[in-house]
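In: Sequence plus predicted model, see below.
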Amino acid sequence: MRRIFILLNLIYFVQVNAQDKVNSTEAKQDYTFSLKQAIEYAVKNNYTSINASRDIEAAKQKKWETTTMGLPQINGKLNYQNSFKIASNLITVEGRPAILTLGDYNSADAGLSLSQLIFDGSYLVGLESARTYLKISQNAQKKTSQEITELTTNAYGNVLLAEESIKIVERNKAILEKTLRETGETYKNGFLEEEAVERIQITLASVNSTLDYATRMRAIATNMLKLLMGIELNEEITLTDKLDNLTTQNIDMALLGETFSVENNIDYQIEKNVEESKRLLLKLERSKALPSLGAQVNFGYNTFSSRFGDLVSADQKWYNYSNAGIALNVPIFSSFGRSSRTQQAKIAFEQAKTKVLETEQTLKLQYQKAKSDYEYSVAQYNSAKSTLNLSERIEGKQQVKFKEGLSTSFEFTEAQRQLYTAQQDYLQAMVDIINKRAALEKIINKN
C-alpha cells in the first residue's frame, strides 16, 4: 500500500511539472526597449532583414558555384543495353552475299571521365560577376538596415506620441469635467445661461472623441512597431524612453555641418553596383567571340554477352579502354548576332552610367531637403513650445475670468480649443525632430 501511495505521488509530481512547463511556454513574453535597443532588435529580427541576410548567404553560394565551373569535374557512368533485335549488314564473301550480325544482345559499360576547363572568357567574366552579385546583396542588406532603422525610429516615436496624447487628453478631460460640474451648478443658481453649459458639453464631447482616437492610434502604432521588430502582435512591449527626453537628445545643430559625400550613400553605391553589372554583361558579350579550350580524360570498361546472366558472372571478361583529348571551340561567324547582343549590352551600360549621374544629383537635392527639414523641425519645435506656454496662460486667464463672470463661454471654449491644438502641435513637433534627424542621418550614412 505504501509503494502504491509513493507511485501515485510521483505520477502527480510529474504531471504538475509538465503542466507548469506548458504554462510557462504559453505565457506571453514582456519586451522592454529603449529606442536604441528597439533599433538593434529590429535590424536583427525584422522579417525583411532576415531574408536580406539569407540573400547574402545565397550570393556566397552562387559565387562558389561559379568558381567550381573552372575546377576539375569528375563524372561516373554505368550503362546497360539490351538489343531485342541485333542489327545486321549485308557483305560479300568470295563473290557471294552473306548476312553479318553486329554486336550482342546484352552489353554493359562503366567508366569515369575527368574534364578541365583551360580557357573560357565567359568563365572569367562570370567570376567577376559573382563577386559583384555578392556586393549587391551586401549593399541591399545595408539599405534594408538603414530603412528599418528609420522606420523603427518613426514607429517608436508614434507610440510615444500616442501615449503622450492620451495623457494630455485625459488631463484635459478631467479638468473639463470639473469645469462642467461647476458651470452646471452656477447655471442652476441662475448666474449663467444654458448656452455656457452647452458649449462646455460640446467641447467635452470633442475631447472624448479625441481620446478614443488617440487610444486606437496607440494600439495601431504599437502593433506597427512590433511588426517592424519581428515581434508577435500578441506579445507585450514596453518603451522606456520618454518623448521629451528623446527630443532633447535629438537636437544637435552640429549635425547640419556634417560633410555630405554622395559616395557614402547606400543608394549611390547600389547604382554603382548596377553600373558594374552592366559593364560585366558587356564584357561577357565581347568574350563570347573568344575561343574556348578544354581537356578531357576518360577511363572505362565494357563487356558484351548474348545472355544477361553472363554479364554479372565472375568469369565474364571486361575490356578496358581510355582516351584523352583537347577541344578547341573557335567562334567564326554568327550572322552578326553576337555584334547585336554586344551593342544592346553597350546601350544598357551607358544607361546605367546615366542613372548613376541622375542618382548623384537626386541625392544632393535630397540632402538639402533633409537638412532643411531638420533645421525647420527644430525651429518649429521652439515655436510650438512658446505657443503652448502662451496658450496655457491665455486658457488659465480665461478660465478665471469665466468663473468670475468677466468673459463669455465662447471666449473660454475658444481658449480651450487653442490650447488643445497647441498641445498636439507641440507633441507633433517633438516627433518631427526625431523623425527628421533619422532621415538626415540616413542620407549622410551616419551610424
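Out: Arrived safely.

In: Can you give me the distance of Glu150 to Asn265?
Out: 14 Å (Cβ to Cβ, to the nearest Å). (Each C-beta comes from the backbone N, C-alpha and C, glycine too.)

In: Those two: which is more packed in?
Out: Counting neighbours by other Cβ atoms under 10 Å for Glu150 and for Asn265 shows that Asn265 has the greater number, 23 against 17.

In: all helices in this structure, in order from the N-terminus.
Out: Using DSSP state H, the helices of the chain run over 2-26, 35-45, 47-68, 121-188, 194-229, 243-249, 266-287, 308-311, 337-403, 409-443.

In: Determine which of these approaches Asp109 most closely.
Out: Smallest distance to Asp109 across the helices of the chain (Cβ to Cβ): 10.9 Å, for helix 308-311.

In: Let's test this: mean pLDDT of that closest one, rounded?
Out: Mean pLDDT, helix 308-311: 76.

In: Counting by contacts, list what it packs against.
Out: strand 106-119 (3 or more Cβ pairs under 8 Å, 6 or more residues apart in numbering; DSSP states H and E).

In: got any ranges where the stretch 1-150 of the chain has weak pLDDT?
Out: Along the stretch 1-150 of the chain, the parts satisfying pLDDT under 70 run over 1-28.

In: wait, what's in contact with Gln416?
Out: Applying Cβ atoms under 8 Å, 6 or more residues apart in numbering, one finds that Gln416 lies in contact with 172, 176, 203, 395, 398.

In: same thing with Leu211?
Out: 166, 169-170, 173.

In: Quickly note the distance from it to Met224.
Out: In this structure, Leu211 and Met224 are 20 Å apart, going by Cβ to Cβ.

In: Ser83 now?
Out: 72 Å.

In: now do Gln141
Out: In this view, Gln141 and Met224 are 22 Å apart by Cβ to Cβ.

In: now swap in Ser107 and tell me
Out: Using Cβ to Cβ, we find Ser107 at a distance of 70 Å from Met224.

In: same thing with Tyr105?
Out: Relative to Met224, Tyr105 is positioned 75 Å away (Cβ to Cβ).

In: Those two: who's more crowded?
Out: Neighbour comparison, Tyr105 and Met224: the larger count goes to Met224, with 18 against 15 (by other Cβ under 10 Å).

In: Not counting residues beside it along the chain, what's closest to the more buried one?
Out: What sits nearest to Met224 in space, not counting adjacent residues and going by Cβ to Cβ, 6 or more residues apart in numbering, is Ala155, at 5.1 Å.

In: Count the residues that sit near the one you found.
Out: Ala155 has 21 neighbours, counted by other Cβ under 10 Å.

In: and it, what is it in contact with?
Out: Ala155 makes contacts with 221, 224-225, 228, as judged by Cβ under 8 Å, 6+ apart.

In: repeat for Tyr268
Out: Going by Cβ under 8 Å, 6+ apart, Tyr268 touches 262, 356, 359-360, 363.

In: Domain-wise, how is this protein divided?
Out: If you go by automatic domain parsing, the domain ranges for the chain are 30-69+120-290+338-443, 71-118+292-330.

In: Give me whichever of those is most buried.
Out: Across the domains of the chain, the average number of neighbours (mean count of other Cβ atoms under 10 Å) peaks for domain 30-69+120-290+338-443, which reaches a mean of 17.

In: From Ile56, how far out is the residue positioned nearest the centre of the chain?
Out: Within the chain, the residue whose C-alpha comes closest to the C-alpha centroid is Thr48; the distance, by Cα atoms, centre = their mean, is 2.7 Å. With the distance defined as Cβ to Cβ, Thr48 ends up 13 Å from Ile56.

In: contacts for stretch 92-104?
Out: Outside stretch 92-104, the residues that reach it (Cβ under 8 Å, 6+ apart) are 83, 86-91, 304-306.

In: could the residues you listed go into TSV alongside distance to Leu112?
Out: TSV is the format used below for those (distance: Cβ to Cβ, whole Å):
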residue	distance to Leu112
Ser83	25
Ile86	29
Ala87	29
Ser88	33
Asn89	32
Leu90	38
Ile91	36
Phe304	20
Ser305	23
Ser306	28
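
In: Looking at the residues you listed, which one is closest to Glu285?
Out: Nearest to Glu285 among these: Ala87, at 46.0 Å, using Cβ to Cβ.

In: Can you name the residues that contact that closest one?
Out: 101-103.

In: and of the contacts of stretch 92-104, the nearest to Lys436?
Out: Ranked by distance to Lys436 (Cβ to Cβ), the contacts of stretch 92-104 are led by Ser83 at 81.9 Å.

In: And the closest residue to the closest one other than its chain neighbours, how close does it get to Gln141?
Out: Leaving out its chain neighbours, the residue that sits closest to Ser83 by Cβ to Cβ, 6+ apart is Tyr105, at 5.3 Å. Here the criterion is Cβ to Cβ. By it, Tyr105 lies 62 Å from Gln141.

In: Equivalent analysis for Ile39, please.
Out: In this structure, Ile39 lies at 15 Å from Gln141, with Cβ to Cβ as the measure.

In: Put together TSV for the contacts of Ala155, with distance to Leu284 on each row.
Out: Below are the contacts of Ala155 laid out as TSV (distance: Cβ to Cβ, whole Å):
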residue	distance to Leu284
Ala221	49
Met224	44
Leu225	45
Leu228	40
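
In: between these, which is nearest Ala130?
Out: Nearest to Ala130 among the contacts of Ala155, counting by Cβ to Cβ, is Leu228 at 32.5 Å.

In: quick one: pLDDT of that closest one?
Out: Model confidence at Leu228 (pLDDT) stands at 93.

In: which residues does it contact?
Out: With contacts taken as Cβ under 8 Å, 6+ apart, Leu228 has the following neighbours: 42, 46, 148, 151-152, 155.

In: Just the closest of those to Glu411, please.
Out: Nearest to Glu411 among the contacts of Leu228, counting by Cβ to Cβ, is Ala155 at 40.1 Å.

In: quick one: that closest one from Gln361, how far?
Out: Using Cβ to Cβ, which is the criterion applied here, Ala155 is 31 Å from Gln361.

In: for Val297, same thing?
Out: Between Val297 and Gln361 the distance is 57 Å, computed by Cβ to Cβ.
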